[in-house]
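**Q** sequence unknown, structure follows:
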């Protein structure tokens, strides 16, 4: 992974505000939603996101990056994932997340453990987001798929019930109602 | 941020629609009586929903019913109903509106927002006196949320939960055996509202380089996430064992909350279709 400060185009002593500004400028440029979802922007956005997060989390990429890079630090080993697994097994999710936060490489396995730990502390969104990342990076892994399914299932059950109310009617009437809804009192129709 | 928790009127029968409308009108009338005519324009559907759900959980018998003409409907008389919960909801309405105006002033330096905040300051102080603990807690949470957003938090659960706690406090009507479940329900609903708002503002926020909690989440996951959050909310709802107005409430929770989202999607689809022609 490249030097995150280089990715964002900021100096090492940039303020938090400068870093955020730089990040959002790049997000505007490369976010797939504003670039027809092409592959290049998706990859670029991932790089930018990782850089931003590692600076904010002060991971070995971040503050200690130069040192870690120079000393030939090779990133997470299986030893660290064992520790993470143990913490998760006893419900110490925050400790697990702390260890994960200090790891350099974001592999599929990293995202899997992160998803499980986040699920443990009720971070629904991070959990499903990272579970999806794990599956995307390693589609052949059944365990990753199982966790993703588990997390998404409750949403699907709700969605089914939601769909029994039928689809929303034609836009025409909805638009009128909506314009009125945003004004004070819309019961004139 | 407000206005998502409304009913899908297309799917209500005539009686349900009349009842829902009369609840809304009762809240409007109460706002006017308690906080002056000017406060009626701050009325929103989310507080109407608050009246419905609390009235159901506490099994309140309707206190007052009536018919009147009002400023918005000077020609025909229309039904209204209200109870003690309506009074409480009108107070919460003032609280949230006041903070909302302050928020807009802070964010956009909108003079209009500052002006509005000043207009409601007196009413806000009245409510603050009545509910000092609640006001303090909500103020604190709003400050916390502001800091979270300012530091560019990329974990969307964190600001969503912070906002959720605000709504949880609003739904926790009294310190009694219902408090805990109502608070959890409000929290879950608040989390959904915050993320739904972020989803709706996403593209604009990207373009304007503003903070959006979902910036590191791929947008093809948004719908799944929203469904999961509503699943959490309706799970707590089920534990409330609501009987009164069950159908109306479920219309809102399973269908109504998606209206703005679906409308936006449909509009975008039409736009894209026109472009490709």
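**A** That came in fine, so what should we check first? Here the structure is a predicted model, which means the values were calculated and not measured.
**Q** make it CA atoms for all contacts and neighbour counts henceforth
**A** OK.
**Q** are we agreed that residue B:66 is in a helix?
**A** No: counting by DSSP: H, G, I helix; E, B strand; the rest coil, residue B:66 is not part of a helix but strand.
**Q** wait, residue A:25 touches residue B:209, no?
**A** Yes: at 6.2 Å, residue A:25 and residue B:209 qualify as touching, with contact defined as Cα atoms under 8 Å.
**Q** quick check: the gap between the residue nearest the centre of chain B and residue A:151.
**A** The centroid of chain B falls nearest to residue B:46 when counting by Cα atoms, centre = their mean (3.4 Å). According to Cα to Cα, to the nearest Å, residue B:46 stands 28 Å off from residue A:151.
**Q** now do the helices in chain A.
**A** Listed in chain order, the helices of chain A (DSSP state H) span A:4-8, A:16-30, A:39-57, A:65-70, A:78-89, A:93-101, A:108-120, A:124-137, A:142-163, A:171-182.
**Q** chain B now?
**A** Using DSSP H, helices in chain B cover B:14-35, B:45-57, B:84-108, B:111-130, B:132-150, B:157-171, B:179-207, B:222-239, B:246-254, B:259-276.
**Q** relative to residue A:110, which of these is closest?
**A** Smallest distance to residue A:110 across these (Cα to Cα): 19.2 Å, for helix B:157-171.
**Q** what angle separates that closest one from helix A:124-137?
**A** Using axes from the mean of the first three to the mean of the last three Cα atoms, to 10 degrees, the direction of helix B:157-171 lies 150 degrees away from that of helix A:124-137.
**Q** quick one on the thing from earlier: which non-adjacent residue is nearest the residue nearest to the centre of chain B?
**A** residue B:5 (5.0 Å; Cα to Cα, 6 or more residues apart in numbering or on different chains).
**Q** can you pull the contacts of the one you found?
**A** Residues in contact with residue B:5 (Cα atoms under 8 Å, 6 or more residues apart in numbering or on different chains) are B:45, B:46, B:49, B:252, B:253, B:256, B:257.
**Q** now do the phi/psi pair for it.
**A** Main-chain dihedrals, residue B:5, degrees, to the nearest 10: phi -90, psi 70.
**Q** tell me the confidence at it?
**A** pLDDT for residue B:5: 96.
**Q** likewise residue A:38?
**A** Looking at residue A:38, its pLDDT is 87.
**Q** the closest residue in space to it that isn't next to it in sequence: neighbour count?
**A** Among residues not flanking residue A:38 along the chain, residue A:32 sits closest, at 6.2 Å (Cα to Cα, 6+ apart). Residue A:32 is flanked by 20 other residues according to other Cα atoms under 10 Å in any protein chain shown.
**Q** one more: residue B:275?
**A** When neighbours are counted by other Cα under 10 Å, residue B:275 comes out with 8.
**Q** any idea how far chain A is from it?
**A** Separation of residue B:275 from chain A (Cα to the nearest Cα, to the nearest Å): 14 Å.
**Q** now residue B:269
**A** Separation of residue B:269 from chain A (Cα to the nearest Cα): 11 Å.
**Q** same check on residue B:185?
**A** Distance, residue B:185 to chain A, using Cα to the nearest Cα: 15 Å.
**Q** quick one: least confident helix or strand in chain A?
**A** For chain A, the helix or strand with the lowest mean confidence is helix A:65-70, at a mean of 37 (criterion: mean pLDDT, DSSP states H and E).
**Q** touching, residue A:129 and residue B:216? I think so.
**A** No: using Cα under 8 Å, residue A:129 is not in contact with residue B:216; the gap is 9.3 Å.
**Q** show the contacting residues for the residue of the stretch 151-277 of chain B at minimum distance from chain A.
**A** For the stretch 151-277 of chain B and chain A, the shortest gap (Cα to the nearest Cα) falls at residue B:228, measuring 3.9 Å. The contact partners of residue B:228, taken as Cα under 8 Å, 6+ apart, are A:124, A:152, A:154, A:155, A:156, A:158.
**Q** for the first one, give me its contacts.
**A** Right, residue A:124. Each residue near residue A:124 by Cα under 8 Å, 6+ apart is listed here: A:118, B:157, B:225, B:228, B:229.
**Q** can you rerun that using 10 Å?
**A** Residues in contact with residue A:124 (Cα atoms under 10 Å, 6 or more residues apart in numbering or on different chains) are A:115, A:118, A:151, A:152, B:156, B:157, B:225, B:228, B:229, B:232.
**Q** gap between the second one and residue B:55?
**A** Here the distance between residue A:118 and residue B:55 works out to 36 Å (Cα to Cα).
**Q** now do the third one
**A** Distance, residue A:151 to residue B:55, by Cα to Cα: 33 Å.
**Q** out of these two, which sits in the busier spot?
**A** Neighbours per residue, other Cα under 10 Å: of residue A:151 and residue B:55, the larger number sits with residue A:151, 24 against 21.
**Q** excluding its backbone neighbours, what's nearest the more buried one?
**A** Nearest non-adjacent residue to residue A:151, counting by Cα to Cα, 6+ apart: residue A:128, 6.1 Å away.
**Q** residue A:83 too?
**A** residue A:96 (7.7 Å).
**Q** flag the shaky bits of chain A, pLDDT-wise.
**A** Applying pLDDT under 70 to chain A picks out residues A:1, A:59-79, A:168-189.
**Q** got a list of what the residue of it found nearest chain B touches?
**A** Nearest residue of chain A to chain B (Cα to the nearest Cα) works out as residue A:155 at 3.9 Å. Applying Cα under 10 Å, 6+ apart to residue A:155 gives the contacts B:223, B:224, B:225, B:226, B:227, B:228, B:229, B:230, B:231, B:232.
**Q** show me which residues of the stretch 1-150 of chain B are close to chain A?
**A** Residues of the stretch 1-150 of chain B found near chain A (Cα under 10 Å from any Cα of the partner chain) are B:3, B:6, B:8-11, B:21, B:24-25, B:28, B:40-45, B:72-73, B:150.
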